[in-house]
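>>> Pasting the sequence and the predicted model now:
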Amino acid sequence: MLSARRVLAMTLLGLLFASSTQASTQAVYLAYQAEVENIRERTATVTTGQKKPWFPLTLELGPARFTLSGLVEVEGSFVHIEGGEDVDDLKLCTAQIGLDAELTPWLGGHITGLWEEDDTEPMAVDEAVMGLTSPWKLGEQTPTLQLGRQYLPFGRFASSMISDPLALELGETHTTAALLSLEGERWVAKAGAFEGSVDDGNDRLDSWVLAIEATPREGVTLGASWISDLAESDAELAQDEGMYRDDVPGWSAFLALQHGDFGLTAEYLAAMDQFEPEQVEGGEDLTGRRPQAWNLELSWQVADRLLLAARYEEADDYQDNARRYGATASYGLCDYALLAVEYLHGDADGTAAVHAFTAQLAVEF
């Protein structure tokens, strides 16, 4: 297994924001949930052969611009457990409605409603963020500030497969935060603050996230991120908050390469310290004191409408040291619909091997 390495040091200067009519005309772009964004990326890839801007329903009222978008995803699955019973299922995995608003050159907003069968009933507010663009520049760059409920820039989690990578399951973090961004020609840096939910109970901004991403040359993207407490992730690693005493920072690094029709992504995410033994004993997915996960994924654009991807991944001290590998084929039915099939093999310490077959139909508008 991989061991944690020294995290990259990142420091960002604080900046003052104001709502001035002299602000830059740069639009405020807000991030979607990684899982949904991966579906959108695959849809764009197999319906056009390349990334393209998406043009959903748009309404312009004076200087303001409102854009409505949506995504519906249905999955059918068959799971064979060696030595156990087979399981099959058909469910509406995702129903998402999003509204983006560009109100002025310096003010924008984004809100999404999300419904997931057996998880969010009725539909819940998944993201609600307002974005401010600074009227002042830092060097030649214009800073932006995002305030509200959002997915933090900890980990990248890019994937061309139906199933989420283990790194996403371990590290994706969703909360209300203030996020400062500064973007250059070939890089973007972000720093955020939020109120921890598994700390000592004090109502204050006591948790932090830092991230940096760079594209030094065409086809090469790399980055790293850090969070002050990995227990704040959606994995709910700290089951008994009453016994949780010390923060356990986490870090992540990724590399993405693209050469013609072939792509390669690699990502590693881990805790930088150890959880207390009682947290491990009382946890579910946390099955060791220093959880970590990594994945390697290859993709091949076979034709304009056909994309193949394969992944191998492992975890340590998480989900009983899970190991998984598999492949996905995605086909674009039209400019709005994606059909995909996947096979995934998984096993872990002390558990039987699992063979999962999944078919996905996703419609984006």
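Ah, there it is. Residues are numbered from 1 along each chain as shown.

>>> quick one: the strands in the stretch 201-350 of the chain?
207-217, 220-227, 250-259, 262-271, 292-303, 306-316, 323-332, 337-347 (DSSP state E, counting those that start in this stretch).

>>> Dump the ones you listed to TSV, plus mean pLDDT, mean neighbour count and distance to Met123.
Quick note: C-beta positions are derived from backbone N, CA and C, even for glycine. Shown next, in TSV, are the strands of the stretch 201-350 of the chain (pLDDT from 0 to 100; neighbours: other C-beta atoms under 10 Å; distance: least, C-beta to C-beta, whole Å):
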stretch	mean pLDDT	mean neighbour count	distance to Met123
strand 207-217	96	18	27
strand 220-227	97	21	28
strand 250-259	97	20	30
strand 262-271	98	21	29
strand 292-303	97	20	30
strand 306-316	97	20	30
strand 323-332	96	20	27
strand 337-347	95	18	22
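
>>> Using TSV, please lay out these together with distance to Glu116.
Formatted as TSV, the strands of the stretch 201-350 of the chain follow (distance: least, C-beta to C-beta, whole Å):
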stretch	distance to Glu116
strand 207-217	24
strand 220-227	24
strand 250-259	24
strand 262-271	23
strand 292-303	22
strand 306-316	22
strand 323-332	20
strand 337-347	18
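
>>> how about those, which one is nearest Val198?
Nearest to Val198 among these is strand 207-217; the distance by C-beta to C-beta comes to 9.3 Å.

>>> which residues of the stretch 101-250 of the chain score low on pLDDT?
The model of the stretch 101-250 of the chain has pLDDT under 70 over residues 199-202, 240-243.

>>> Quick one: the helices in the protein, in order.
Per DSSP state H, the chain carries helices over the ranges 34-48, 166-171, 277-282.

>>> Which one of the strands of the stretch 201-350 of the chain lies nearest to Val46?
Among these, if distance is taken as C-beta to C-beta, the winner is strand 323-332, at 3.4 Å.

>>> between that closest one and strand 292-303, how big is the angle?
With axes from the mean of the first three to the mean of the last three C-alpha atoms, to 10 degrees applied, the angle from strand 323-332 to strand 292-303 works out at 30 degrees.

>>> Show me what strand 323-332 is packed against.
helix 34-48, strand 306-316, strand 337-347 (3 or more C-beta pairs under 8 Å, 6 or more residues apart in numbering; DSSP states H and E).

>>> would TSV of the ones you listed with distance to Gly70 be doable?
Listed next are those as TSV, based on distance: least, C-beta to C-beta, whole Å:
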stretch	distance to Gly70
helix 34-48	11
strand 306-316	22
strand 337-347	13
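
>>> For Leu170, which of the strands of the stretch 201-350 of the chain is the nearest?
strand 292-303 (4.9 Å).

>>> related to what we said a few turns ago, let me know which of the strands of the stretch 201-350 of the chain is the nearest to Ala95.
strand 337-347 (15.1 Å).

>>> Distance from that closest one to the middle of the chain?
19 Å (C-alpha atoms, centre = their mean, to the nearest Å).

>>> Stretch 356-365 now?
On C-alpha atoms, centre = their mean, the centre of stretch 356-365 falls 18 Å from that of its chain.

>>> got the buried residues for it?
Ala356, Thr358, Gln360, Ala362, Glu364 (16 or more other C-beta atoms under 10 Å).

>>> Now the third one: closest residue in space, sequence neighbours ignored.
Right, the one you point to is Gln360. Ala340 (4.5 Å; C-beta to C-beta, 6 or more residues apart in numbering).

>>> hang on, isn't the one you found packed against Phe357?
No: with contacts counted by C-beta atoms under 8 Å, Ala340 stays clear of Phe357, the gap being 11.8 Å.

>>> if we can go back for a sec, want to throw the helices of the chain into JSON lines with distance to His110 and mean neighbour count?
JSON lines is the format used below for the helices of the chain (distance: least, C-beta to C-beta, whole Å; neighbours: other C-beta atoms under 10 Å):
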{"stretch": "helix 34-48", "distance to His110": "13", "mean neighbour count": "20"}
{"stretch": "helix 166-171", "distance to His110": "21", "mean neighbour count": "26"}
{"stretch": "helix 277-282", "distance to His110": "35", "mean neighbour count": "14"}
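
>>> for those helices, which one sits closest to Lys137?
Nearest of those (C-beta to C-beta): helix 34-48, 28.4 Å.

>>> can I get the CA coordinates of that closest one in CSV?
C-alpha atoms of helix 34-48 as CSV (Å, rounded to 0.1, in the frame of the first residue of the first chain):
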residue,chain,number,x,y,z
ALA,A,34,-18.1,15.7,-8.7
GLU,A,35,-20.4,12.7,-9.5
VAL,A,36,-22.8,14.7,-11.5
GLU,A,37,-20.1,16.6,-13.2
ASN,A,38,-18.5,13.4,-14.3
ILE,A,39,-21.7,12.4,-16.0
ARG,A,40,-21.9,15.7,-17.8
GLU,A,41,-18.3,15.4,-19.0
ARG,A,42,-18.9,11.9,-20.4
THR,A,43,-22.1,13.1,-22.1
ALA,A,44,-20.2,16.0,-23.8
THR,A,45,-17.4,13.6,-24.8
VAL,A,46,-19.6,10.9,-26.5
THR,A,47,-22.0,13.4,-28.2
THR,A,48,-19.5,15.8,-29.7
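
>>> Pull the residues that contact it.
31-32, 50-52, 54, 71, 73, 94, 96, 151, 155-160, 164, 168, 172, 301, 304-307, 330-332, 334-338, 340, 362, 364 (C-beta atoms under 8 Å, 6 or more residues apart in numbering).

>>> Now with 6 Å, please.
51-52, 157, 159-160, 164, 168, 305, 307, 330, 332, 335, 338, 362, 364 (C-beta atoms under 6 Å, 6 or more residues apart in numbering).
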